[in-house]
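Asks: Next input, structure requested:
(one chain, ligands or ions: 2)
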Amino acid sequence: MSEVLPWQLRAAFARSLSDMYGTEVPAYTTLLEVSHEVNADVVARLGAGAERLGSIDRVTAERHGAIRLGTPTEMAQAARIFGAMGMHPVGFYDLREAATSAAVPVISTAFRPIAADELARNPFRVFTSMLTPSDRRFFHADLQQRLETFLGAREIFPPELLALADRAEADGGLSEADAARFLELATASFELSREPVDRAWYDELEAVSAVAADIGGVASTHINHLTPRVLDIDDLYQRMEARGITMIDDIQGPPRWEGPDVLLRQTSFRALAEPRAFRMPDGSIESSSLRVRFGEVEARGIALTREGRAIYDRAVAEVDERSAGLTAQERQDINREVWRREFPASESDLAARDLAYFTYAVADGEVVREPIVYEDFLPRSAAGIFQSNLTDEGSKDVTQEGVARDADWMAGALGRELHDPFDLYARQREESRRAAAAQLGVRPGELEAVTGA
Ligand code: OOG
Ligand code: NI
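Replies: Numbering: from 1, shown residues only. Ligands and ions are numbered 1, 2, ... in the order given. The predicted model follows:
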């Protein structure tokens with residue numbers, strides 16, 4: 001019998017990773033402290049209204065992690081480990097296309113719980129990227145070959161961990177003793193290695209892309225960042241700067257405005273120099289540092305439908321076009337102006353125009369509409385976060401043809417179904433509408449007519 005259920009493994013893993021990362025990156029601990037202060041203040045100010053997009057318990061425990069892997073084999077192994085914790089691959093992100101200013105040769109998915117009750121128990125998600133060594137815009141044939149040989153020879157996840165993961169997935173959990181071992185091995189897989197880094201190899205990759213060096217320049221992987229959720233990201237940004245921590249220039253995503261929060265807003269503090277050992281070409285060991293890991297924070301809003309998302313994508317393109325050479329403040333102003341023109345300023349208008357997802361429930365004979373929180377990521381913001389933390393642009397030969405990658409390719413690499421985020425939100429909405437309609441004895445399509453919801 002399984003004593004520790006998948007959601008309990010997931011919650012324990014998120015905690016264990018957070019503790020480990022806090023010892024590795026002390027500024028992350030500061031970020032957590034400030035996040036807690038901000039959230040406590042918002043709850044004090046707004047009361048129950050602060051919990052419209054998730055209970056304060058959920059939001060306080062909520063984290064997303066980011067990891068970067070090298071090969072389809074490593075991706076499939078990660079999928080087994082996350083599968084053990086009830087986390088499934090959702091969405092396909094092509095950051096090669098989304099990045100505009102630096103070389104980011106990766107494609108990504110996110111592992112997360114997909115059922116509403118699982119999300120409510122613990123919403124831990126991990127943005128997981130993999131390198132594309134066959135993409136000629138970044139890697140010439142000889143470098144591709146050496147990179148694939150290097151990646152093919154390393155072992156990121158020990159066989160014992162994978163065996164425990166498979167057992168957990170098959171049995172729906174693990175015994176106490178197995179769970180403890182699983183958590184220990186899983187956490188250790190994402191610790192920063194003390195092994196000396198091959199200086200020449202790392203530098204060769206870094207000339208192409210700092211992200212390529214971070215992934216393929218070392219024989220292990222590590223958690224890149226762990227992101228808490230805050231209820232007021234503008235307030236958090238100011239408080240971090242006041243504490244002397246330099247933040248990147250922008251808050252990525254929608255602007256701060258008077259209407260409903262939608263999708264995702266994110267920002268981060270700049271990557272810190274972390275001491276690392278290097279093996280030099282003459283065999284000597286030197287200590288130096290690498291700047292790849294940073295602290296990110298996010299605020300989440302309502303999930304948009306495909307129509308709502310299309311408006312968002314158009315708005316991003318317009319803001320980009322008009323922002324060249326402007327300051328962060330001027331960019332935010334344009335973002336807000338475009339937003340006010342394009343998006344309705346109330347939840348009921350978002351619902352009426354079918355731009356966002358809501359669930360419906362019956363309380364005291366009335367239909368109550370509640371927003372569905374956005375559980376996914378934004379390719380443009382993800383690329384922005386990657387790029388804003390790179391000191392070097394790397395190189396990208398745009399005269400070459402890129403290698404084609406899409407959601408089907410990713411599903412094949414993972415050997416699992418890749419869920420479409422829009423389908424998941426739509427299903428949640430339809431299920432709630434069916435249940436509410438059944439309770440009132442009407443058809444789902446008549447809910448609005450009955451109550452004006
Ligand atoms: C992932 C960047 C994307 C987010 O929150 O959008 C991401 C990475 O830096 O590895 O984590
Ligand atoms: Ni992130």
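Asks: mind checking which helix or strand the residue positioned nearest the centre of the chain is in?
Replies: To find the centre residue of the chain, average its C-alpha atoms and take the closest one (CA atoms, centre = their mean): that gives Phe127, at 4.0 Å. Take DSSP states H and E as the rule and Phe127 turns out to sit in strand 125-131.
Asks: quick one: that strand near ligand 1?
Replies: Yes: Strand 125-131 reaches ligand 1 (CB under 6 Å from any ligand atom) through 127, 129. No exception for glycine: its C-beta is placed from N, CA and C like everyone else's.
Asks: Run me through the strand neighbours of that strand, direction for each.
Replies: For strand 125-131, the pairing partners within the sheet under DSSP bridges are strand 63-69 (parallel), strand 106-112 (antiparallel).
Asks: could you dump the ones you listed to a markdown table with mean pLDDT and distance to ligand 1?
Replies: As requested, the strands paired with strand 125-131 are exported to a markdown table (pLDDT from 0 to 100; distance: least, CB to the nearest ligand atom, whole Å):
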| stretch | mean pLDDT | distance to ligand 1 |
| --- | --- | --- |
| strand 63-69 | 96 | 4 |
| strand 106-112 | 97 | 7 |
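Asks: Determine which stretch of these is the most buried.
Replies: strand 106-112 (a mean of 26; mean count of other CB atoms under 10 Å).
Asks: quick one on the thing from earlier: so which of the strands paired with strand 125-131 gets nearest ligand 2?
Replies: In this view, the strands paired with strand 125-131 are compared for proximity to ligand 2 by CB to the ion, and strand 63-69 is the closest at 4.5 Å.
Asks: and the very next helix or strand once past that closest one, is it in reach of ligand 1?
Replies: Read in the C-terminal direction, the helix or strand following strand 63-69 is helix 72-84, with elements assigned using DSSP H and E. No: contact check for helix 72-84 against ligand 1, using CB under 6 Å from any ligand atom: none in range, with a minimum separation of 13.0 Å.
Asks: Quick one: check the helix or strand that helix 72-84 is followed by for contact with ligand 1.
Replies: Moving toward the C-terminus from helix 72-84, the first helix or strand encountered (DSSP H and E) is strand 88-94. No: contact between strand 88-94 and ligand 1 is absent, the nearest approach being 8.1 Å (criterion: CB under 6 Å from any ligand atom).
Asks: Alpha carbons of strand 88-94, as CSV, please.
Replies: These are the backbone C-alpha positions of strand 88-94, laid out as CSV (Å, rounded to 0.1, in the frame of the first residue of the first chain):
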residue,chain,number,x,y,z
HIS,A,88,2.2,16.1,-16.5
PRO,A,89,3.8,17.9,-19.6
VAL,A,90,1.6,20.8,-20.6
GLY,A,91,2.3,23.1,-23.6
PHE,A,92,5.1,23.6,-26.1
TYR,A,93,7.3,26.7,-26.1
ASP,A,94,9.9,27.5,-28.8
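Asks: Not counting stretch 34-54 itself, show me its contacts.
Replies: Counting by CB atoms under 8 Å, 6 or more residues apart in numbering, the neighbours of stretch 34-54 from elsewhere in the structure are 56, 59-60, 62, 123, 228-232, 235-236, 239-240, 243, 261, 297, 300-302, 370-371, 373.
Asks: Now a ChimeraX select for only the buried ones of the residues you listed.
Replies: Those of these that count as buried under 16 or more other CB atoms under 10 Å are selected in ChimeraX with:
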select :59,60,62,123,228,229,230,231,232,235,236,239,240,261,297,300,301,302,371,373
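Asks: Any regions of the stretch 151-300 of the chain where pLDDT drops low?
Replies: Scanning the stretch 151-300 of the chain for pLDDT under 70 picks out no residues.
Asks: can you list the residues of it near ligand 2?
Replies: Taking CB under 5 Å from the ion as the contact definition, the stretch 151-300 of the chain meets ligand 2 at 227, 296.
Asks: which residue ranges form the helices in the stretch 151-300 of the chain?
Replies: Counting by DSSP state H, counting those that start in this stretch, the segments of the stretch 151-300 of the chain that form helices are 159-171, 176-189, 199-208, 210-216, 233-242.
Asks: Identify, out of those helices, the most deeply packed stretch.
Replies: Neighbour counts (mean count of other CB under 10 Å) averaged over each of the helices of the stretch 151-300 of the chain peak at helix 210-216, with a mean of 26.
Asks: Contacts for that one, please.
Replies: Residues outside helix 210-216 that contact it (CB under 8 Å, 6+ apart): 68-70, 102-106, 129, 131, 133, 138-139, 147, 150-151, 202-203, 205-206, 221, 224, 290, 292, 386, 390-392, 394.
Asks: Can you flag the buried ones in those?
Replies: The buried subset of those - by 16+ other CB under 10 Å - is 68-70, 102-106, 129, 131, 133, 138-139, 147, 150-151, 202, 205-206, 221, 224, 290, 292, 386, 390, 394.
Asks: Tell me which residues touch the residue in the stretch 151-300 of the chain that ligand 1 sits nearest to, please.
Replies: When scored by CB to the nearest ligand atom, the stretch 151-300 of the chain has Asn224 as its residue closest to ligand 1, at 4.4 Å. For Asn224, the contacting residues are 65-68, 214, 292-294, taking CB under 8 Å, 6+ apart as the criterion.
Asks: which residues touch Thr109?
Replies: Thr109 touches 89-93, 128, 410, 414, 418, counting by CB under 8 Å, 6+ apart.
Asks: measure it to Leu69 for me?
Replies: Counting by CB to CB, to the nearest Å, the gap from Thr109 to Leu69 is 11 Å.
Asks: Hmm, Ile223 is touching Tyr21, no?
Replies: Yes: shown here, Ile223 and Tyr21 form a contact pair, counting by CB atoms under 8 Å, at 5.7 Å.
Asks: Now do the strand holding Phe127 against strand 88-94, angle only.
Replies: 50 degrees (axes from the mean of the first three to the mean of the last three CA atoms, to 10 degrees).
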